[in-house]
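Asks: Predicted structure and sequence below. I'll ask about it afterward.
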Amino acid sequence: MEQKRIPVTIITGFLGAGKTSLLNKLIGKHPEKKFAIIENEFGETGIDGGLIATATDAIFELNNGCICCSLGEDFLHTLETLLGSSYEFDHLLIETTGIADPSGIVDAFISGNTVQERFRIDSVVCVADAENMEDLFDEQPEVRLQLALADLVLLNKTDCVHSDYLTHLTRLIKQVAPMAKIVNTTFCNVDGTAVLDTNSFSGEVVEKSTLSFFGMDLQEKKQAGQKSFIHNPQSHESNPKHDISSVGFTFEGSFDVNKFGLWMQNYLYFNRENIFRVKGIMSFDQTEDQFVFHAVRSSFMFEVGKPWGNAARFSKLVFIGKNISGQELEANLLQLLAK
Ligand SMILES: Nc1nc2c(ncn2[C@@H]2O[C@H](COP(=O)(O)OP(=O)(O)OP(=O)(O)O)[C@@H](O)[C@H]2O)c(=O)[nH]1
């Protein structure tokens, strides 16, 4: 029998943005859940295996120190230790270090087969500090990366800034996280917001966020007979200083699965420094179901979505990254459509 996969919420955000505050809020808000928590802090090493084994509930674990790890092998080792321990938990929370690119952590859940069998990413949540975000946005590329990977952005410390300024910050966030849900918070108060069990990597949610990226105007603008449509909502207002942008495509018909897989593997590999995230809903030739596509850096995965039935086939893909050439990408993707 297939084991139920444990949902994982990855919390990112720059130093002092409010990640630990959010962890505490989530634990308080969900007494019904038994959490395992991984803290990815710099300068601390070692895993307190004994603590995992004896922890009886989530708060115990948080208050008595968390599992510390660094990235790479150590991180995978931490996950293995967790799974191998007698500690039973039904949700994994990961607080990533504030000063690094969190894509390695997201990637571990996408590309590691064993990890994928036991865990599924529920969502990537980024806490942004309203007071300092704009300066950091310019100075720290990691801040833009953290936002670019997020499914949910909590624009926190709203008590520290004027409400008009929040509108400006929201626009800034949308430049690099066009599909993310953005919620304003103070002390990461998420009482009215679903943060856990949002299933942000599921077909339904990806479909919704992908469609919202394209907006309602897509069908109107699309010309009859056109095979694809490029949409870049930020192009007219993007700031060249902020080098991350997004570009979306809609294709009619279906892709050739082999051609697409091979091309994507190469494309992501050679552009791993520039492409941070790709999401989409895809139709493949000779398949009955929709496929949900996710890529983080050079790793990608497909999940089976709902059946197409008699609906017209299409694929929608959104790329987020640096220096993306929409025209070039479109020309490449068009070659991969099934004849
Ligand atoms: N005024 C104000 N302070 C906040 C808010 N949210 C968090 N803080 C404070 O900001 C400080 C940092 O919050 P943390 O939750 O520790 O932030 P963090 O992201 O975990 O910090 P690091 O682990 O250092 O990266 C703490 O003193 C919090 O009490 C808020 O909405 N408004």
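Replies: It's in.
Asks: Near the ligand, which residues of the stretch 51-200 of the chain are found?
Replies: Within the stretch 51-200 of the chain, the positions adjacent to the ligand are Gly98, Asn156, Lys157, Asp159, Cys160, Thr186, Phe187, Cys188 by C-beta under 6 Å from any ligand atom. The C-beta positions use only the backbone N, C-alpha and C, and glycine is treated the same way.
Asks: Residue of the stretch 201-339 of the chain closest to the ligand, please.
Replies: Relative to the ligand, the nearest point of the stretch 201-339 of the chain is Phe276 (20.8 Å; C-beta to the nearest ligand atom).
Asks: Can you read off the pLDDT for that residue?
Replies: Phe276 carries a pLDDT value of 83.
Asks: just Asn258 next, same as before
Replies: 93.
Asks: now swap in the one 5 residues further on and tell me
Replies: Per-residue confidence at Trp263 stands at 95 (pLDDT).
Asks: List the contacts of the helix or strand where Asn24 lies.
Replies: Using DSSP states H and E, Asn24 sits in helix 19-29. The contact list for helix 19-29, computed with C-beta atoms under 8 Å, 6 or more residues apart in numbering, reads 9, 11-13, 35, 37, 58-59, 62, 93, 95-96, 98, 125, 127, 154, 156, 187-191, 195-196.
Asks: swap in stretch 277-294?
Replies: Identification of contacts with stretch 277-294 by C-beta under 8 Å, 6+ apart yields 110, 148-149, 179, 201-203, 206-207, 209-210, 253-257, 260, 268, 295-296, 300-308, 313-321, 338.
Asks: How far off centre is that stretch?
Replies: Here stretch 277-294 is found 17 Å from its chain centre; the criterion is C-alpha atoms, centre = their mean, to the nearest Å.
Asks: same deal with stretch 135-142?
Replies: Mean-position distance between stretch 135-142 and its chain equals 19 Å (C-alpha atoms, centre = their mean).
Asks: The stretch 51-200 of the chain: strands as residue ranges?
Replies: Taking DSSP state E, counting those that start in this stretch as the criterion, the stretch 51-200 of the chain contains strands spanning 67-68, 91-95, 119-129, 152-156, 181-184.
Asks: can you list those strands in CSV and add distance to Thr287 and mean pLDDT?
Replies: Listed next are the strands of the stretch 51-200 of the chain as CSV, based on distance: least, C-beta to C-beta, whole Å; pLDDT from 0 to 100:
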stretch, distance to Thr287, mean pLDDT
strand 67-68, 40, 37
strand 91-95, 31, 90
strand 119-129, 21, 95
strand 152-156, 30, 97
strand 181-184, 30, 96
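Asks: can you put those in JSON lines and add distance to Met264 and mean neighbour count?
Replies: Formatted as JSON lines, these follow (distance: least, C-beta to C-beta, whole Å; neighbours: other C-beta atoms under 10 Å):
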{"stretch": "strand 67-68", "distance to Met264": "34", "mean neighbour count": "21"}
{"stretch": "strand 91-95", "distance to Met264": "26", "mean neighbour count": "24"}
{"stretch": "strand 119-129", "distance to Met264": "19", "mean neighbour count": "26"}
{"stretch": "strand 152-156", "distance to Met264": "26", "mean neighbour count": "26"}
{"stretch": "strand 181-184", "distance to Met264": "26", "mean neighbour count": "18"}
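Asks: Could you chop this protein up by domain?
Replies: For the chain, the structural domains run 6-184, 203-334, going by automatic domain parsing.
Asks: Just name the most buried of those.
Replies: domain 6-184 (a mean of 19; mean count of other C-beta atoms under 10 Å).
Asks: okay, how far is it across that one, tip to tip?
Replies: Here the two ends of domain 6-184 are set 28 Å apart, with distance taken as C-alpha to C-alpha, to the nearest Å.
Asks: Please give the centre-to-centre distance between that domain and its chain.
Replies: Distance, centroid of domain 6-184 to centroid of chain: 11 Å (C-alpha atoms, centre = their mean).
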